[in-house]
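> Sequence and predicted structure, then a few things I'm wondering about:
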Amino acid sequence: MDFTLNENQTMFRDMVRDFARQEIAPIAQQMDEENGMPADLVEKMKEGGFFGIAFPEQYGGLGADTITYGLVVEELAKVSAGVCVMLTVHNSVGSYPVAMFGSEEIKQEFLPRMAAGEIAAFCVTEPGAGSDAASITTTARRDGDEYILNGNKIFVTNGQRAAFFVVIARTPGTTGHKDTHAFIVPRGTPGLIVGKKEDKMGLRASDTAVIDFEDARVPAVQLLGNEGDGFKIAMAALDGGRIGIAFQSLGIGEACLEEAVKYANMREQFGKPLMRQPVIGGMIADMGTELEAARLLALQAAWLKDQGKPYSKQAAMAKLMCSEAAWRAADKAVQIHGGYGYCKEYPVERYYRDVRVTRIYEGTSEIQRLVIARHLGREF
Ligand SMILES: Cc1cc2nc3c(=O)[nH]c(=O)nc-3n(C[C@H](O)[C@H](O)[C@H](O)COP(=O)(O)OP(=O)(O)OC[C@H]3O[C@@H](n4cnc5c(N)ncnc54)[C@H](O)[C@@H]3O)c2cc1C
C-alpha cells in the first residue's frame, strides 16, 4: 500500500484547509458558545461543493474517493468538529443508503439535490434502541402504494436543518433485524415532526434533534433496497460512516497536538520551556506516535473501500483506534496547558469536549470491539 497522496487528493486537502482556516476557524469558538452555525457558512459550503464531495459525478457530486473524503473531514475537524459532523453525516450515512440502495428513479430525484446542499440525516437511534439497533420499534405499515410510519427517533444529527431523512423502521408486530425497512423521507412529509434540539457537551455548532413520526405517509417507491433490507442498509452505511468518524477524530487529535506543542514551546517553568521537560516531551511524543499509527489504520480502511475490497473490520478498527488516540491526545493537551487547559481562552478546552462523542456515536468503542471480535472470530 502506498499512501502518497496524488495530485487530486493534495489539491482537495489544500483547498479545504484554506477554506477551513479562512471561513470556519475565526468563528469556531463563537459557534460553540452560541450552540449553532450561521446560515451563511452553510451557503458558502454549498457553493464550494462540500455537500457533494462523496457523491457520484453523474448525480452532481464531485466523485471524490474515500481517501480524499477522509482528508476533507480531517481538515474540517481540525477547526470545528461540529461543522465537520454536519458534513460527514450528510456525505455518508445520510446519503449513502440512497446512492447504494435507491432505485435509479430515486437516485435521480434525490442525489442531485443532496449534492447541491439540501442536507441529509440518518434516523436509526430511538429511546429504547441505541447500540442494539435491531430493537427499534418505529413501525412502517404498508397501505396500498404507501407505508405509514409511526415512532420516535432521537439524536438525529442535522435533524433541524435536514431536507431528507433516511429512516429505518419495521413491520408492526415484528422483532429482530429481518423485518426492518429503509426509507428516504423528505422534510415536509405530513406526520414527520422535527422536535427539540439537544443541548450537548460538544459539537455545539451541529444540531442534534428528535424526529417523530405520526402517521407519516411515505410512497412505496421511497423504500430503499427491498423490504427487509433496513438493518443491512443501516449497517452498510455505518461501515462507511465509521471511516469518516475515524478521520474526524484524527483531525481533533491533530489540532490538540498542534496546540500542545505551541503551548509547550512558549510556556516556561523551572527555567526552561515545557517542551524541554522530558515528561512533557514524552507526552507529546506519545500523542504524535499514537495519532500517526491511528492515521495509517484510517487510510487503510479508506483505501480498502476505494479498492472495492471488504472493509468492515478495518473501518471498526480505525474508528476505535482513532477516537481513542484522539481522546488521549485531547486529555494530554489539556494537561499540558495546566490551568489554562480548563478555560475557554484556549481551544483545547473545546477539543476535549468535542472529541468525547467520537467514542460514542456511529457505534460506541464497546460496539466496535464487538464488531472486530466477530470478524476475528471467523478468521482463525
Ligand atoms: C451527538 C450525537 C449525534 C448522533 N447522531 C446520530 C444520528 O445522526 N443518527 C442516529 O441514528 N443516531 C445518532 N446518535 C446516536 C448514537 O449512535 C448512539 O448514542 C450510540 O449508538 C449509543 O447508543 P445509546 O446512546 O443508546 O447507548 P446504549 O446503547 O444505551 O449504551 C450505553 C453504554 O452501554 C454500552 N453497551 C451497550 N451494549 C453493550 C454490549 N453488548 N457490550 C458492551 N457494552 C455495551 C455502550 O457501549 C455504552 O457505553 C448520535 C449520538 C450523539 C451523542
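Yep, that arrived. Every value quoted in this text rests on a predicted model; they were computed, and no experiment measured them.
> all contacts plus neighbour counts: C-alpha atoms, from now on.
OK.
> what about the helices in the stretch 151-300 of the chain?
Ranges of helices within the stretch 151-300 of the chain are 230-266, 278-306, based on DSSP state H, counting those that start in this stretch.
> The last one - contacts with which helices or strands?
It refers to helix 278-306. Contacts defined by 3 or more CA pairs under 8 Å, 6 or more residues apart in numbering; DSSP states H and E place helix 278-306 against helix 66-79, helix 230-266, helix 312-336.
> Let me know which of those is the nearest to Gly176.
Closest to Gly176 of these, according to CA to CA: helix 230-266, at 9.2 Å.
> Off-centre distance for the closest one?
Offset of helix 230-266 from its chain centre (CA atoms, centre = their mean, to the nearest Å): 8 Å.
> Check which residues of it are buried.
Neighbour-count burial for helix 230-266, counted by 16 or more other CA atoms under 10 Å, picks out 230-261, 263-264.
> Over to stretch 48-57?
So for stretch 48-57, counting by 16+ other CA under 10 Å, buried means Gly48, Phe50, Phe51, Gly52, Ile53, Ala54, Phe55, Pro56.
> want to throw the helices and strands packed on helix 278-306 into CSV with distance to the ligand?
Shown next, in CSV, are the helices and strands packed on helix 278-306 (distance: least, CA to the nearest ligand atom, whole Å):
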stretch, distance to the ligand
helix 66-79, 14
helix 230-266, 9
helix 312-336, 12
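> Mind checking these for the one nearest to Arg276?
So among the helices and strands packed on helix 278-306, helix 230-266 is nearest, using CA to CA, at 8.0 Å.
> Rounded mean pLDDT for stretch 145-154, please.
Averaged over stretch 145-154, pLDDT sits at 98.
> quick check, distance from it to the centre of its chain.
With CA atoms, centre = their mean as the basis, stretch 145-154 stands 24 Å off its chain's centre.
> likewise stretch 287-305?
When C-alpha coordinates are averaged (CA atoms, centre = their mean), stretch 287-305 and its chain have centres 16 Å apart.
> Check what contacts that stretch and list those residues.
With CA atoms under 8 Å, 6 or more residues apart in numbering as the test, stretch 287-305 has contacts from 3, 66-67, 70, 243, 246-247, 250, 253-254, 257, 310-311, 314-315, 317-319, 321-322, 325-326, 328-329, 332.
> so how many other residues sit close to Gln58?
Using other CA atoms under 10 Å, Gln58 has 11 neighbouring residues.
> close to the ligand, is stretch 95-102?
No: Stretch 95-102 lies out of reach of the ligand by CA under 6 Å from any ligand atom, never closer than 11.8 Å.
> buried sites along that stretch?
Taking 16+ other CA under 10 Å as the criterion, stretch 95-102 shows Ser95, Tyr96, Pro97, Val98, Ala99, Phe101, Gly102 as buried.
> Same question for stretch 108-126.
By neighbour count with 16+ other CA under 10 Å, stretch 108-126 contains the buried residues 108, 110-126.
> Out of these, name the ones that lie in helices.
Gln108, Phe110, Leu111, Pro112, Arg113, Met114, Ala115 (DSSP state H).
> hmm, back to that, generate a markdown table for the helices of the stretch 151-300 of the chain, with mean pLDDT and distance to Arg359 as supplementary columns.
Formatted as a markdown table, the helices of the stretch 151-300 of the chain follow (pLDDT from 0 to 100; distance: least, CA to CA, whole Å):
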| stretch | mean pLDDT | distance to Arg359 |
| --- | --- | --- |
| helix 230-266 | 98 | 9 |
| helix 278-306 | 98 | 14 |
